[in-house]
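[1] no FASTA, just this:
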């Protein structure tokens, strides 16, 4: 078990050792740790050495200065200067929030970026401002379109964070694939077979093998062709609108795979938004109705009296609270990975 | 077979017989016919007598005057005056487009409305303006949240329409349930059993029975808990933001079921949006990349060489072109329904 503070300081130090300015390193560490705290273990410190390898391969700029390259009162397009999405996305969200304060809503498309961690971190920045936050990103191609066996789309998540009154916020943060890659990794480690609808073989046949991606297979879109449509929506908003790479051209997160040649855009892309509640109705009315919505859904008739109906975001808030007290458990593989990173950089975990 | 013009004029006349002003009747007919032309037969003239019954039951106002009750430069909230969504949604979309021209994006939440037909009609209004269009609506509760057996959400569709260059536009228009209700009706008529993941019994057990809704069962969310999250997102944006009813309180489309008592809002709700492409990058660049995106996806490696990879919206454009030539086929039940409507109102089909 590690405390949040331990892992935060370690992560911050690692980014600083890569030349990242102190304020940016603290921000990037905050984003990564928010994943570990919320129980999205695949997107937290487990990815730290991956970011370092991208830097070592010359693919991530640790001293990036993002630029607004296009804007209107309610929109902006940002060039992330090949920096980490971990750093530029929160800053871009601040721009969206500022525009929402001025004209009701703010929308920011980002090109030339790298992975931004969990979408929820960015969308949830809207909450203290009584705004609804949105965050999407495209990602390394792993998902095949319906009727295809080729990896053409990332797990392209959609996140919406909604302010509430007495209840905890509504935070939907979901991959548009049947399962996020992290869930496959968990199944691989435990040696379990997968549910139907998660993966197919490289020939496009249904499979329950957790190692199918290693064999050249692909992830399947959520619920069939609709998930393909949703992942495409995220790809278009994140990358075609911003000028990033899209579809099969999205540069892989893993540094041992090189990006394709003749890329149509720059880096990977994100799309963020903030909508001021009181641009539509008084925030107090809205939050009262959100509470009623949540309470009514929690009270809906259960299929099994022992299994509660959950509100999107609840499991993550529960884990956050638990990990604040008990600490963050790291699995053995991740712990070893961080230890060798510490050794290489002259740090201690 | 009927021509588009025949059914258009009939539909227009029916709405006029209900007291609707001529311009509104033409608009409502245009929205309904667009569904029949695009092959979304469940949402076209098949629903015409349903709208008339809502009018007869005093639940739909045919002489509605919508009002903007709240606005900012990029947003508006509209009270639809208990009118048909068929009429107010296109007008609200015009407001979204106007705001997008002025400040980059426009977003309109609508309360006190009735069903708006197919989402694609409204979102596609953005296309000639080189804008991306969005349309969502909540609907009569038929879908159970994960771990519940109670009908709490509608099939709550999400639609995004995206301009392209040489290709036909990208138009995603999807229910957030495993299947839209229309697909169940088709299965009922043909006596076929349903695929897994569409419905559950009133006890919350998996079922493949096309009549399960009649037995008190419920529809299942797309791909499990993620579809529940997406349907909730649509419910919140369409209704909690606008002041409409939400969750189990959404008034049923069928006039023989009364709305619940002590409703928390007014009518049903919609959420529409328009984003100007050149608020992010030059529209010509964007459309060139959309063409490349579409061409690359159509060329992705097929699982079965005989089965093409489709782009969202393609089947509907194909059907539209086909029905312009061959006409619109009506199934027997719908044809009889329209004939008795004609008789009642002194019209001829």
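    That came through, no problem. Because the structure is a prediction, the values reported are computed rather than measured. Residues are numbered from 1 along each chain as shown, chains lettered A, B, ... in the order given.

[2] and residue A:3, how many neighbours?
    By other Cβ atoms under 10 Å in any protein chain shown, the residues close to residue A:3 number 13. All C-beta spots, glycine's among them, are computed from the backbone N, C-alpha and C.

[3] Let me know the pLDDT of the most far-flung residue of chain A relative to its centre.
    Distance from the C-alpha centroid of chain A peaks at residue A:305, with 33.0 Å (Cα atoms, centre = their mean). At residue A:305, the predicted lDDT confidence score is 97.

[4] Count the residues that sit near residue A:81.
    That count, for residue A:81 with other Cβ under 10 Å as the rule, works out to 17.

[5] Could I get the pLDDT score of the closest residue to it other than its chain neighbours?
    Spatially, and ignoring its direct neighbours in sequence, residue A:81 is nearest to residue A:64 (3.8 Å; Cβ to Cβ, 6 or more residues apart in numbering or on different chains). You'll see residue A:64 listed with a pLDDT of 98.

[6] Assign a three-state SS to residue A:64, would you?
    coil (DSSP: H, G, I helix; E, B strand; the rest coil).

[7] Residue nearest the middle of chain A, spatially speaking?
    Centre-nearest of chain A using Cα atoms, centre = their mean is residue A:118, 2.8 Å out.

[8] Identify the residues contacting residue A:330.
    A:2, A:45, A:338 (Cβ atoms under 8 Å, 6 or more residues apart in numbering or on different chains).

[9] how many other residues sit next to the residue nearest to residue A:81?
    Neighbours of residue A:64 (other Cβ under 10 Å): 21.

[10] Relative to residue A:85, how far out is it?
    10 Å (Cβ to Cβ, to the nearest Å).

[11] circling back: ok, so of the contacts of residue A:330, who is nearest chain B?
    Chain B lies nearest to residue A:45 out of the contacts of residue A:330, by Cβ to the nearest Cβ, at 25.7 Å.

[12] what about that closest one, how many neighbours?
    26.

[13] Residue A:304 now?
    Neighbour tally, residue A:304, other Cβ under 10 Å: 10.

[14] Next: residue A:55.
    There are 21 residues near residue A:55, going by other Cβ under 10 Å.

[15] now residue A:168
    Around residue A:168 there are 15 residues (other Cβ under 10 Å).

[16] Once you drop chain neighbours, what's closest to it?
    Closest to residue A:168 by Cβ to Cβ, 6+ apart is residue A:317, at 4.9 Å.

[17] tell me the mean pLDDT for whichever strand or helix holds that neighbour?
    Taking DSSP states H and E as the criterion, residue A:317 maps to helix A:314-326. Averaging pLDDT along helix A:314-326 gives 98.

[18] what's that helix packed up against?
    Helices and strands touching helix A:314-326, by 3 or more Cβ pairs under 8 Å, 6 or more residues apart in numbering or on different chains; DSSP states H and E, are helix A:22-38, strand A:170-174.

[19] ok, and which of the ones you listed has the densest surroundings?
    Mean neighbours per residue, mean count of other Cβ atoms under 10 Å in any protein chain shown, is largest over these for strand A:170-174, with a mean of 24.

[20] Show me what it is packed against.
    helix A:119-124, strand A:158-162, helix A:314-326, helix B:225-235.

[21] Can you list the strands that the second one pairs with?
    Strands flanking strand A:158-162 in the sheet, each with its direction: strand A:131-137 (antiparallel), strand A:170-174 (antiparallel) (DSSP bridges).

[22] Show the contacting residues for the residue nearest to residue A:168.
    A:38, A:168, A:171.

[23] can you check residue A:212 too?
    Contact analysis of residue A:212 by Cβ under 8 Å, 6+ apart lists A:194, A:199, A:200, A:201, A:218.

[24] most surrounded residue in those residues?
    residue A:199 (28 neighbours).

[25] any idea how far that one is from chain B?
    Counting by Cβ to the nearest Cβ, to the nearest Å, the gap from residue A:199 to chain B is 13 Å.

[26] Report the residue ranges of every domain in chain A.
    Chain A breaks down into these domains under automatic domain parsing: A:1-62+A:313-349, A:64-178+A:221-279.

[27] While we're on residue A:184, how confident is the model there?
    On the pLDDT scale, residue A:184 gets 84.

[28] how many neighbours does the nearest residue to residue A:195 once chain neighbours are set aside have?
    Setting aside the residues directly before and after it, residue A:195 is nearest to residue A:208 in space (Cβ to Cβ, 6+ apart), at 7.3 Å. Residue A:208 has 14 neighbouring residues, counting by other Cβ under 10 Å.

[29] what's residue A:208 in contact with, if anything?
    A:193, A:194, A:195, A:196, A:198, A:199.

[30] Pretty sure the first one sits against residue A:199.
    Same thing as residue A:193. No. Here residue A:193 does not reach residue A:199: they are 10.4 Å apart, not a contact under Cβ atoms under 8 Å.

[31] intersection of neighbour lists for these two?
    Joint contacts of residue A:193 and residue A:199 (Cβ under 8 Å, 6+ apart) are A:208, A:209.

[32] which strands and helices sit next to the helix or strand of chain A at the bottom of the mean pLDDT ranking?
    Ranking every helix and strand in chain A by mean pLDDT, DSSP states H and E puts helix A:181-190 at the bottom, with a mean of 79. Applying 3+ Cβ pairs under 8 Å, 6+ apart, one finds that helix A:181-190 makes contact with no other helix or strand.

[33] What lies in contact with stretch A:229-238?
    A:109-110, A:136-138, A:143, A:145, A:153-158, A:176-177, A:221-222, A:244, A:246-247, A:268-271, B:132, B:158, B:160, B:162, B:170, B:172, B:174, B:230, B:290, B:293, B:297, B:312.

[34] How many residues are close by the closest residue to residue A:288 other than its chain neighbours?
    Residue nearest to residue A:288 in three dimensions, not counting chain neighbours: residue A:165, with 5.7 Å by Cβ to Cβ, 6+ apart. Other residues lying near residue A:165 total 14 when counted by other Cβ under 10 Å.

[35] helix/strand/coil for residue A:165?
    coil.

[36] OK, contacts around it?
    Neighbours of residue A:165 in contact, by Cβ under 8 Å, 6+ apart: A:284, A:287, A:288, A:290, A:291.

[37] The first one and chain B: what is the separation?
    As defined by Cβ to the nearest Cβ, residue A:284 lies at a distance of 13 Å from chain B.

[38] Equivalent analysis for residue A:318, please.
    For residue A:318, the distance to chain B - Cβ to the nearest Cβ - is 15 Å.

[39] cool, and residue A:260?
    Applying Cβ to the nearest Cβ, the value for residue A:260 to chain B is 11 Å.

[40] for that residue, helix, strand, or coil?
    For residue A:260, the secondary structure call by three-state DSSP comes out as coil.

[41] Could you list which residues are in contact with it?
    A:248, A:249, A:251.

[42] now, among these, which is nearest to residue B:10?
    Closest approach between these and residue B:10, by Cβ to Cβ: residue A:248, at 48.0 Å.

[43] per-residue confidence at the closest one?
    Looking at residue A:248, its pLDDT reads 98.

[44] pretty sure it is in a strand, no?
    No. Residue A:248 is assigned helix when assessed by three-state DSSP, not a strand.

[45] how many neighbours does it have?
    Applying other Cβ under 10 Å, we find 15 residues neighbouring residue A:248.

[46] Pretty sure it sits against residue A:150.
    Yes. With contact defined as Cβ under 8 Å, residue A:248 counts as touching residue A:150 (7.2 Å).

[47] joint contacts of those two?
    With Cβ under 8 Å, 6+ apart as the test, residue A:248 and residue A:150 both reach residue B:300.

[48] what about the residue nearest to residue A:146 when sequence neighbours are not counted, how many neighbours?
    Excluding the flanking residues, the one nearest residue A:146 by Cβ to Cβ, 6+ apart is residue A:225, at 4.1 Å. Residue A:225 has 15 neighbouring residues, counting by other Cβ under 10 Å.
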